[in-house]
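Undergrad: sequence and predicted structure are below.
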Amino acid sequence: MRVLSGMRPTGKLHLGHYFGVIKNWLKLQDEHETLFMVADWHALTTGYKKVEEIPQNIEDMVVDWLSLGIDPQKSLLFQQSKVKEHAELFLLFSMITPKSWLEWNPTYKDTKYNLLRISDLELMFKGGVRDLVREFLAKLPYKVEDFEALEEFFLDALSDTLIQSVFEGYIERDLLRELNVSKRDFYDTDTYGFLGYPVLQAVDILIYKANAVPVGEDQLPHIELSREISRRFNNLYGETFPEPQAMLTETPKLPGIDGRKMSKSYNNAIYFADTEEELRQKVMRFFTDPKKLRRGDPGRPEICPVFFYHKIFTEQERVQEIERDCTAGKLGCVDCKKLMFEGLNGFLRPVREKRQEILEDRKRVWEILGVGSERASLMAKDTMEEVRERIRVG
Ligand code: SF4
C-alpha cells in the first residue's frame, strides 16, 4: 500500500508534533511504501506574507524528522514545490471541482475562524482571561467532572463572542489598535488559494496514486473531497485515479506547559531543539493542580499536566506511587516536576544528540530533499502523461 502524508513547514517541531504525526509515520514507514511531503506551497495559503521564513522552516522541520527516525532509506522525503506537476494538476482539478464542495467544507469554515481565534485568544490570554475563567470555574458550587474540557468550552465561547463582536462592529477602533488587530487580519484568509487548498491536497495525494492517507478526525472531510474529485475525474475522462482511504489515527492532545493544547502559537511548547537547561526551566514552569498550593495539600493528578507527562515518560511503577503520594499530600509539585524532567529528558536526550549530528552537515538535509523530489517528480510525470492523454489538453 502506498501512503502519503505531509506537513506544512512551520519550523522546529515540538512534542505535540511527535505524538500527533511523527510517531505514526515511524510505524508506517516500517509497514508500507511511504511518501512524506514538505508542503511548502500549502504554507503560502495562510503565510503568504512571511515567505522569508520558509527555507529555514523547511530545514528545521526536516532536521527534526530525521532526528526522530524518519529514514530516507525507507521513506521518500520530498518538497512539494519542487514537483511542478502539482501545479498543473491543481489547475486541471480546479476546472472540475464545484465551488460549493469547497465553500461547504467544514474545515474551511473552521480553519478560517480558528486562525482568527488563535491570534485573538493569544491577545485575550495576555489580558488574563484564562485566569479569570479558572477563578470563576473554581467557585462553581457543584462538582465539575472535566475541568479542563469545561475551561476550553468557556474559552472557545469567549473567543467566538470576540470574533462575532468585531464583525458586528461592537469593538471600537481604538481597542482594535490596542489589541494590534486590524480588520485586514480578518480578510487574510479570504483568498482563492485558501478556499482551494483542499484541491491542492487532493492533488498531493492523487498525483502519486496514494491509496491511503493518515489523518485525524478533523481532516476526514478533506479525504472525502479527494475521493470525490477522483471519482469525478474518472467519470468524466475514464478510470485514472484510485480512491484514497483515510487511515484514522488517534492523536492524543498533549498539554503544553500551561495546560492548554501544545502549540507554537500559545508559546507553551517543548521543542526537540530545546537544550537540557531550557527543558529544565520549562518543566519547572509547568502548570499543576491550581488547588495544590503547598506540599501537604492533596492534589488531583487527573487534571495535572505534569502527571499527564509522568504517564508517558516515567516508569510505570513510579507513576502509581506519584499518583498515590500526590493525592495523599505527601509529594510536593517541585519534586514531582524534577522527577518528570528526568523521564522526559531521558526520551529527548538521544533525539537532541542526533539533531546535533545532523546540524553539523545541514547540506545533507537539502540533498535528501533534492533526491527525494526528483524521484517524486518521476512518479508525478507518469501520472500527468496519463492525465493529459485523458483530458486531451497539454
Ligand atoms: S504533585 Fe505532581 S501530580 Fe500532583 S499536582 Fe503537583 S505536579 Fe501535579
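TA: Perfect, thanks for sending it. This is a predicted model, so every value here is computed, not measured.

Undergrad: which bits of this structure sit near the ligand?
TA: For the chain, the residues in contact with the ligand under the definition C-beta under 6 Å from any ligand atom are 288-289, 292, 299, 301, 304, 306-307, 326, 331, 333, 336-337. Where you see a C-beta, it was placed from the backbone N, CA and C, and this is true even at glycine.

Undergrad: around Ser100, how many other residues sit close by?
TA: Neighbour count of Ser100, defined by other C-beta atoms under 10 Å: 8.

Undergrad: wait, what's in contact with Gly343?
TA: If a contact means C-beta atoms under 8 Å, 6 or more residues apart in numbering, then Gly343 has 309-310, 313-315 as its contacts.

Undergrad: list the buried residues of the helix or strand encompassing it.
TA: Secondary structure from DSSP states H and E places Gly343 in helix 333-359. Within helix 333-359, the residues that qualify as buried are 333, 336-337, 339-341, 343-344, 348, 351-352, 354-355, 358, counting by 16 or more other C-beta atoms under 10 Å.

Undergrad: now do stretch 294-309
TA: Residues of stretch 294-309 classed as buried under the neighbour-count rule (16+ other C-beta under 10 Å) are 299, 301, 303-309.

Undergrad: same check on stretch 233-252?
TA: By neighbour count with 16+ other C-beta under 10 Å, stretch 233-252 contains the buried residues 233, 237, 240-242, 244, 246-247, 249, 251.

Undergrad: kindly report the same for stretch 315-325.
TA: Within stretch 315-325, the residues that qualify as buried are 319, 321-323, 325, counting by 16+ other C-beta under 10 Å.

Undergrad: show residues contacting that stretch.
TA: Against stretch 315-325 from outside (C-beta under 8 Å, 6+ apart): 301, 307, 310-311, 314, 330-331, 336, 339, 343.

Undergrad: what helix or strand is the nearest residue to Ile70 once chain neighbours are set aside located in?
TA: Among residues not flanking Ile70 along the chain, Trp25 sits closest, at 6.1 Å (C-beta to C-beta, 6 or more residues apart in numbering). Secondary structure from DSSP H and E places Trp25 in helix 23-31.

Undergrad: list the buried residues in that helix.
TA: For helix 23-31, the neighbour count (16+ other C-beta under 10 Å) marks 23-26, 28-29 as buried.

Undergrad: still on that earlier bit, with secondary structure as extra columns, can I get the contacts of Gly343 in JSON lines?
TA: Written out in JSON lines, the entries for those read as follows (DSSP: H, G, I helix; E, B strand; the rest coil):
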{"residue": "Tyr309", "secondary structure": "helix"}
{"residue": "His310", "secondary structure": "helix"}
{"residue": "Phe313", "secondary structure": "helix"}
{"residue": "Thr314", "secondary structure": "coil"}
{"residue": "Glu315", "secondary structure": "coil"}
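
Undergrad: give the rounded mean pLDDT of stretch 64-76.
TA: The pLDDT scores in stretch 64-76 average 98.

Undergrad: likewise stretch 275-292?
TA: Summarised as a single mean, pLDDT over stretch 275-292 is 95.

Undergrad: how far does it sit from its chain's centre?
TA: In terms of C-alpha atoms, centre = their mean, to the nearest Å, the centre of stretch 275-292 is set 22 Å apart from its chain centre.

Undergrad: cheers, nothing more for now.
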